[in-house]
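> Make a model of this:
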Amino acid sequence: MSPPADAGVAEEFGPRCTLPDPRSDGLSAPWDDGERPISPSAFRASVRLIGYLSLIAALAPFQAITVAVAPKAAGIIPRLFHGLVARMIGFRVHTVGTNVSDPASGSGSGQPTLFLSNHVSYFDITVLGALIDGSFVAKSEVAGWPLFGMLAKLQRTVFVVRRRGQAGAQRDAVAERLTRGENLIVFPEGTSGDGTRALPFKSSLLAAANPLPNGVVPRVQPVSIGYTRMNGIPLGKALRPFFAWYGDMELAPHLWRALSLGFIEVVVEFHEPVRIDQFTDRKALAAHCRDRVSDGLGRALSGRVNQPASARTIDDDRFHVK
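Numbers count the residues shown, from 1 in each chain. All right, here's what the predicted structure looks like:
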């Protein structure tokens, strides 16, 4: 359970963006049988929105109790929630590589890890929240948002104040949670992009990747997320704005339009984890992670990702190991 976007989504990214009309000729690329695959449905959007709100109503009270009495188990319900939401809104998520937070990976899941991902949309929260056993890092303003602020608190989001002179406080807030052995998910671009490329990674929060007070050096795992197809049609620049949320797009109409469409395929690639002591400084670490994420995003968008037999799939009617 979480906010719709990270610490930087409110920042500007390029000029004002408007959603294309899916009924226009440029967006009605047909299936092989000649059907138009991109047909918004208000009924579909309504069903998905009602289902989303119903899940919140059903699970939020249990999560609140868990956070209060058993915080170490507070990650179970959010992952269930995000997995159910992903299925309900028609996301088919394919993973590549080893997610070190997964106990089945055999990668020492007890070691704290900072996951660094590119940021495309508020949907990233659902996708990554379903796959990673961890909490997000968000700007402090998110805590006051209606509904999403509550969800962020229930997922034990780390709220940071993003102002000059606050770098030390940001580092300490993140390091405190890592010292407890928890995993955190960060969008180091500081804003959301259009989904075609990874923006430069900011290195300020990576100061928390230095050795912790208990002597442990956290792992840092780069993660690429790419929205690749809608109803089987490749998401080119014309279609990607239906799911990428950036610039000064308004949330409500963007969300309604996305929920009214069909199924979206997402590729998440977990890259080789690293440690800060392998690099000269945190800026070099940030650059390395950004390069890995950029490479993974490029492979996903070009269809060059080889999905291993053990890849986890989240789709419209199942959440299982494929």
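
> next SSE after the helix of greatest length in the chain?
The longest helix of the chain (DSSP state H) is helix 42-69. Using DSSP states H and E, the helix or strand that follows helix 42-69 in sequence is helix 76-88.

> and that following helix, how far from the chain's centre?
Offset of helix 76-88 from its chain centre (CA atoms, centre = their mean, to the nearest Å): 13 Å.

> Number the chain from 27, please
Sounds good: first residue 27 from here, last item helix 102-114.

> Mean confidence (pLDDT) on the helix or strand just after it, please.
Counting by DSSP H and E, the next helix or strand C-terminal to helix 102-114 is strand 117-123. Strand 117-123 shows a mean pLDDT of 95.

> go on, stretch 223-238?
So the average pLDDT for stretch 223-238 ends up being 89.

> and if you look at stretch 176-195?
Mean pLDDT, stretch 176-195: 82.

> Enumerate the positions of that stretch that are buried.
By neighbour count on 16 or more other CB atoms under 10 Å, the buried set for stretch 176-195 is Met176, Leu177, Ala178, Lys179, Leu180, Gln181, Arg182, Thr183, Val184, Phe185, Val186, Arg188. All C-beta atoms are positioned from the backbone trio N, CA, C, and that covers glycine.

> for stretch 118-130, same thing?
Across stretch 118-130, burial judged by 16+ other CB under 10 Å covers Arg118, Val119, His120, Thr121, Val122, Gly123, Thr124, Asn125, Val126, Ser127, Asp128.

> Please apply the same query to stretch 248-267.
Under the neighbour-count criterion of 16+ other CB under 10 Å, stretch 248-267 has 248-257, 259, 261, 265-267 buried.

> returning to what we had before: which two of the buried residues of stretch 118-130 have the greatest separation?
Taking every pair in the buried residues of stretch 118-130 and measuring CB to CB, the maximum separation is 23.3 Å, between Arg118 and Val126.

> Count the residues that sit near Ala71.
Each residue near Ala71 was counted by other CB atoms under 10 Å, and the total is 18.

> Repeat that for Ala156.
Using other CB under 10 Å, Ala156 has 23 neighbouring residues.

> Show me what whatever helix or strand it lives in is packed up against.
Assigned by DSSP H and E, Ala156 falls within helix 149-157. For helix 149-157, the elements it packs on are helix 102-114, strand 117-123, strand 139-143, strand 245-256, strand 290-296, strand 338-340, judged by 3 or more CB pairs under 8 Å, 6 or more residues apart in numbering; DSSP states H and E.
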